[in-house]
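**Student:** Okay, predicted coordinates and the sequence, questions at the end:
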Amino acid sequence: MERIESRDLAAAPARRGAAFRPPSDVLSSRELEVFRLLGLGRGTSQIADALGVRPKTVQTFRTRIQQKLDLKGYMELIREAVLWVALGADVRR
């Protein structure tokens, strides 16, 4: 398994030409929870059940997260979420 470095998380947005802003600075608390659950490998239905919302609501959150983080697709969203969780960046303050 490839080792993940903290610079990997910061470098991903830079490769897209955007300034890095941590998800915790950009996302609402609910969006951040969806982002964290995506990073833990949960699917749309599992996230909906965990949060007590409909799957369509989770899809809306995913779309908003992608827009706010300037992510181009679902796989990029998942990659960023997994890195975020793997680096322990989702620790609640």
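**Tutor:** Arrived safely. Here the structure is a predicted model, which is why all the values come from computation and not from measurement.
**Student:** Pull the residues that contact stretch 21-35.
**Tutor:** Stretch 21-35 is contacted from outside by 13, 47, 51, 58, 61-62, 64-65, 68-69, 80-81, 84, 89-90, using C-beta atoms under 8 Å, 6 or more residues apart in numbering. The way it works is simple: take the backbone N, C-alpha and C, and place the C-beta from them, glycine included.
**Student:** Which two among those residues are spaced furthest apart?
**Tutor:** The span of the contacts of stretch 21-35, defined through C-beta to C-beta, is set by Pro13 and Leu51 at 26.1 Å.
**Student:** buried ones in stretch 43-60?
**Tutor:** Across stretch 43-60, burial judged by 16 or more other C-beta atoms under 10 Å covers 44, 47-48, 57-58.
**Student:** Which strands and helices lie in contact with whatever helix or strand Leu83 lives in?
**Tutor:** Counting by DSSP states H and E, the element that carries Leu83 is helix 74-86. The helices and strands touching helix 74-86, judged by 3 or more C-beta pairs under 8 Å, 6 or more residues apart in numbering; DSSP states H and E, are helix 6-15, helix 29-39, helix 55-68.
**Student:** Just the CA trace of that helix, in CSV.
**Tutor:** Extracted C-alpha coordinates of helix 74-86, given in CSV (Å, rounded to 0.1, in the frame of the first residue of the first chain):
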residue,chain,number,x,y,z
TYR,A,74,-17.0,11.8,-8.1
MET,A,75,-13.7,9.9,-8.1
GLU,A,76,-11.8,13.1,-7.3
LEU,A,77,-14.2,13.7,-4.4
ILE,A,78,-13.6,10.2,-3.0
ARG,A,79,-9.9,10.6,-3.4
GLU,A,80,-9.8,13.9,-1.5
ALA,A,81,-12.2,12.5,1.2
VAL,A,82,-10.1,9.4,1.7
LEU,A,83,-6.9,11.5,2.0
TRP,A,84,-8.6,13.8,4.5
VAL,A,85,-9.6,10.9,6.7
ALA,A,86,-6.4,9.0,6.3
